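Asker: Take this sequence and fold it.
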Amino acid sequence: MGTYRKKPIDSLGAILRGSPELSSDKSRVPTHVWLQAVGKRVAERSRPERLGDGCLTVTVATAAWAQELSMLSQSITARLAQLGFHAKQLRFRVGAVSDLPPTRAAVTPAAPVPLPADIAARVEHIDDPELRAAIAEAASYSLGRTS
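Answerer: Coordinates of the predicted model:
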């Protein structure tokens, strides 16, 4: 049997606090939510900074973008509310806007592969037919991901 490296176990709360996507902290609007609310063209030229007291501060590339987005404030705040971020108003400041983080590549589903003879033989020793089938299928897909 192989050796396993022991890692400290994090509490669920620590995991949630460390993940902007999973966190209940609504003081920051994650980039993917901003992108969904305003679209790629606007998101490339603006960044949500901090949401406090109903006001979302947004950094924009130019004063022209600040003016343009100020006219769209009501529709942006409505879309943000639908996504769970309740901003009553937007405040814009001109500043450097970094590139959008790369979007996650779509994961290609694994194709099942035939089990090697040694694994198939071990799986055959499982008495419960449903469990045997489930383990064989899981192993087949797992091996398909690495090949």
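
Asker: Can you list the residue ranges for strands in this structure?
Answerer: All strands of the chain, identified by DSSP state E, fall at 46-52, 55-60, 89-94.

Asker: Ile76 is nearest to which of those?
Answerer: When the strands of the chain are compared by Cβ to Cβ, strand 89-94 sits nearest Ile76, at 6.3 Å. (Glycine included, C-beta is placed from N, CA and C.)

Asker: just to revisit the earlier point, quick one: closest of the strands of the chain to Leu143.
Answerer: strand 46-52 (42.4 Å).

Asker: Can you give me the buried ones in the closest one?
Answerer: By neighbour count, with 16 or more other Cβ atoms under 10 Å as the criterion, the buried positions of strand 46-52 are 46-48, 51.

Asker: same check, this time on stretch 110-118
Answerer: In stretch 110-118, residues buried by neighbour count (16+ other Cβ under 10 Å) are Leu115.

Asker: Ends of that stretch, what's the gap?
Answerer: 21 Å (Cα to Cα, to the nearest Å).

Asker: mean confidence for that stretch?
Answerer: The pLDDT scores in stretch 110-118 average 88.

Asker: that older thread, dump the strands of the chain into JSON lines; add distance to Gln74 and mean pLDDT as well.
Answerer: Below are the strands of the chain laid out as JSON lines (distance: least, Cβ to Cβ, whole Å; pLDDT from 0 to 100):
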{"stretch": "strand 46-52", "distance to Gln74": "16", "mean pLDDT": "90"}
{"stretch": "strand 55-60", "distance to Gln74": "13", "mean pLDDT": "93"}
{"stretch": "strand 89-94", "distance to Gln74": "9", "mean pLDDT": "94"}
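
Asker: nearest to Ala133, of those strands?
Answerer: Nearest to Ala133, of all the strands of the chain, is strand 46-52, at 47.9 Å by Cβ to Cβ.

Asker: which residues are contacting the closest one?
Answerer: Strand 46-52 has contacts (Cβ atoms under 8 Å, 6 or more residues apart in numbering) with 26-29, 31, 34, 38, 56-61, 65, 69, 85, 87, 93, 97-98.

Asker: Burial check on Phe92, number of neighbours?
Answerer: 19 (other Cβ atoms under 10 Å).
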